[in-house]
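J.: Provided below are the primary sequence and the corresponding predicted coordinates.
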Amino acid sequence: MFESLQAASADAILGLIAEHKNDTRPEKIDLGVGVYRTAAGETPVLEVVKKAEQILVDTQDSKTYLGTAGAADFNAAMQALTFGDAAPGDRLTTIQTPGGSGSLRVAAGMIMRASPDVSVWASEPTWANHVPLLGGAGLKLKSHPYYDTENHVIKIDEMLAALSTAPAGDVVLLHACCHNPSGLDPSRDDWKAITDLIVERALVPFIDMAYQGFADNFDDDAFPVRHMAERVPELIVATSCSKNFGLYRDRVGTLSLLASDSASRDIVNSQVNNVVRTIYSVPPDHGAAVVTLILNDDEMRSAWMIELDEMRNRLQDMKILLGDALIEHAPDHDFSHLARARGMFCFLGISADQVARLKKDFGVYMVDSSRINVAGITPDNVSYLAASIAATLETE
């Protein structure tokens, strides 16, 4: 049977991790892998997470299965974090999923069951894994303009024009905040215009919110979700706790589905739980139990928000720090877009050949598109990084 298979293409990010690890140059810099890191290059366990985990060690009395929907108290806490008071409870169902990727995959299964012939419109570019997660489930994918690579702005008019051609019932995949890979998000007025178009065209918004709290704060970052929940009859929202709680390997997320009425909500709830049963049966417990403790305890919730603020502020500080260093080392080139980006990612704005030279000559690692994870920047390496970029630009 297996003789008919051919090797799958290697994952670009995983390949970079291996190359960086094997690079013996002490000055090497990893700007590729998508995890938060401190100035010391570590991806820490949050202190509030350690506290919640100790409580679980001391009090948890069973490791029996959760149901297909996961833990009800976790789902309620995450639903409140995501929607606030914007969504009527009699139309909304939320389930626990194995991370944001698990949420996206279950959502794809739901879309295939409900409307297998619709297309899902994604931004160009979008997170690379959106394509295999959704397309691999059988969904038809289309792209709409989003990022202007020359001027480093959002093509909002072109985006709206493209989506105005989408037939009723098609799905629009949106990044709530910290767009991956560009780091540039629509303004509130842009979001209102997008919502107006979705309502007018009877499209279904599908919002991926993997970075809530990493742009401004967890309420403002949820504006697109909450605004649309008040306007549209149907809405799909995938969330992740990987970044804002640092629970990457524990695989914690949710999928929320807003239906047109309570009767439809009950049908959707039965179907989504059936989809889960056919994929992974039940979600893992540990990380979700940690999040539940944190969100439902005032003291721990406050401590979490402080740590979240520290992560967000460090990311923004590093964009500004790199921008300032590039003004010094490469004054003839405009990198002002770096400071406008939000979250972990942005495009540096150089060619694939220049990316390759940065890796070969200076040990600076990033994906070919020049998307960088700014968490790899530190006060200690920023001058070397800026000088390396400047030297690469001078070879053109």
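T.: Happy to help now that I have it.

J.: switch to C-alpha atoms for all contacts and neighbour counts from now on
T.: OK.

J.: can you tell me the closest non-neighbouring residue to the residue nearest the centre of the chain?
T.: For the chain, the residue nearest the mean C-alpha position is Ala210 (3.3 Å; Cα atoms, centre = their mean). Nearest residue to Ala210, sequence neighbours excluded (Cα to Cα, 6 or more residues apart in numbering): Ser240, at 4.8 Å.

J.: helices of the chain, residue ranges please.
T.: 12-22, 47-59, 72-83, 99-114, 130, 156-163, 188-201, 223-229, 262-279, 286-295, 298-329, 337-340, 352-362, 382-394 (DSSP state H).

J.: what number of residues lie near the residue nearest to Ala210?
T.: By the measure other Cα atoms under 10 Å, the count of residues near Ser240 is 28.

J.: please shift the residue numbers so they start at 41 in all later answers.
T.: Happy to do that; since the first residue is 41 now, the last one works out to Ser280.

J.: pretty sure it is touching Leu144, no?
T.: No. Using Cα atoms under 8 Å, Ser280 is not in contact with Leu144, being 10.1 Å away.

J.: mutual contacts of these two, please.
T.: Both Ser280 and Leu144 lack any common contact, where contact means Cα atoms under 8 Å, 6 or more residues apart in numbering.

J.: circling back: tabulate the helices of the chain (a markdown table), appending mean neighbour count.
T.: A markdown table is the format used below for the helices of the chain (neighbours: other Cα atoms under 10 Å):
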| stretch | mean neighbour count |
| --- | --- |
| helix 52-62 | 14 |
| helix 87-99 | 15 |
| helix 112-123 | 20 |
| helix 139-154 | 22 |
| helix 170 | 17 |
| helix 196-203 | 16 |
| helix 228-241 | 17 |
| helix 263-269 | 22 |
| helix 302-319 | 17 |
| helix 326-335 | 22 |
| helix 338-369 | 19 |
| helix 377-380 | 20 |
| helix 392-402 | 17 |
| helix 422-434 | 19 |
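
J.: figure out which of these is closest to Tyr186.
T.: helix 196-203 (5.9 Å; Cα to Cα).

J.: contacting residues around the closest residue to Ile135 other than its chain neighbours?
T.: Of all residues not flanking Ile135 in the chain, Ala109 sits nearest, at 4.6 Å (Cα to Cα, 6+ apart). Shown in contact with Ala109 (Cα under 8 Å, 6+ apart): 134-137, 313, 316, 322-323.

J.: I'd like to know which of the residues you listed are part of strands.
T.: 134-137 (DSSP state E).

J.: so among those, which ones count as buried?
T.: Among the ones in strands among the contacts of Ala109, those buried by neighbour count (16 or more other Cα atoms under 10 Å) are 134-137.

J.: my guess is Tyr251 contacts Gly286. True?
T.: No. With contact defined as Cα under 8 Å, Tyr251 does not count as touching Gly286 (10.9 Å).
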